[in-house]
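Chemist: sequence first, then the predicted structure, then my questions.
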Amino acid sequence: MTVAILDIDGTLVDTNYHHAIAWYRAFRQHDIVLPIWRIHRHIGMGGDQLVGALTDERTEEDKGDDIRGAEKVLYFQLIEEVRPMAGSRELIEQLKTRGHTVVLASSAKADEVDHYLDLLDARELADSWTMSADVESTKPAPDLVGAALERAGGSPDDAVMVGDTTWDVEAAGKAGVPTVAVRTGGFGVDELEAAGAKAVFESVLELCEKLDQTPLR
């Protein structure tokens with residue numbers, strides 16, 4: 001049975017722009033003002049790498065942990081506004097009906113993942129899920145995908161990732177897993193395809209309607 005690894009943030013739940021605002025405010029609290037569009041381009045990359053990628057090594061060393069701590073607090077002020085993407089639960093249900101093992105993949109902290117599982121009402125539906133404690137390095141490192149495979153007891157040859165950013169595609173590719181992408185993270189079709197996505201859909205709902213056109217058929 002094919003393992004379906006479903007990215008949570010930005011794919012199943014609409015969080016990317018909330019995170020972009022939270023990161024913007026966190027950087028600003030530490031006297032760093034960045035264009036929000038630049039921050040958005042890095043959403044999907046793990047927070048342990050994002051600060052350095054957007055600034056420099058000195059900022060990461062001096063302020064990285066404090067900025068990450070501020071982002072978490074600021075994001076939780078917005079988290080009640082987060083909603084599931086249309087079709088998210090339907091996607092999980094379809095995959096389960098088709099006999100797939102479904103693992104929900106996230107490197108977020110346990111309290112965030114718990115909130116998303118409740119939003120999706122997926123605790124009894126998904127086979128398993130991951131969180132920050134399961135990975136050493138975040139995307140674009142392949143650790144998250146590897147952790148999801150371990151939870152499923154599967155191998156890269158029998159798995160497909162569903163994600164919304166180039167970081168998802170890159171991480172899955174490093175783990176030897178193909179990716180089906182949706183545009184809910186704000187990345188273009190050309191960008192996702194250039195990163196290696198096998199198919200790109202406008203939304204989770206469209207993916208549900210066209211599963212037979214993907215490796216999850």
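Modeler: Good, I have the coordinates. Residues are numbered from 1 along each chain as shown.

Chemist: drop to CA atoms for contacts and neighbour counts, all remaining ones
Modeler: Will do.

Chemist: which residues sit in contact with A181?
Modeler: 162-165, 169, 192, 197-201 (CA atoms under 8 Å, 6 or more residues apart in numbering).

Chemist: what's the pLDDT at M1?
Modeler: Note on M1: pLDDT of 63.

Chemist: ok, and the most crowded of the contacts of A181?
Modeler: Counting neighbours by other CA atoms under 10 Å, the top entry in the contacts of A181 is D164, with 34 neighbours.

Chemist: residues touching that residue, list them.
Modeler: D164 neighbours (CA under 8 Å, 6+ apart): 7, 10-11, 181-187.

Chemist: among those residues, which one has the most neighbours?
Modeler: In these, the most neighbours by other CA under 10 Å go to A181, 31 neighbours.

Chemist: part of a strand, is that one?
Modeler: Yes - according to DSSP: H, G, I helix; E, B strand; the rest coil, A181 belongs to a strand.

Chemist: in which helix or strand does the residue of the chain most remote from its centre reside?
Modeler: Distance from the centre of the chain peaks at D31, with 28.0 Å (CA atoms, centre = their mean). Assigned by DSSP states H and E, D31 belongs to no helix or strand.

Chemist: next one: it from T59, what distance?
Modeler: 11 Å (CA to CA, to the nearest Å).

Chemist: ok, D134 next?
Modeler: Distance from D134 to T59, by CA to CA: 26 Å.

Chemist: between these two, point out the one with more neighbours.
Modeler: For the pair D134 and T59, the greater number of neighbours falls to D134 (18 against 15), based on other CA under 10 Å.

Chemist: domain parsing for this protein?
Modeler: 3-14+84-213, 16-80 (automatic domain parsing).

Chemist: deepest-packed of those domains, please.
Modeler: domain 3-14+84-213 (a mean of 20; mean count of other CA atoms under 10 Å).

Chemist: which stretches in the chain count as strands?
Modeler: 3-7, 101-105, 128-129, 159-163, 179-182, 199-201 (DSSP state E).

Chemist: contact partners for Y24?
Modeler: Contacts of Y24 by CA under 8 Å, 6+ apart are 33-36, 39.
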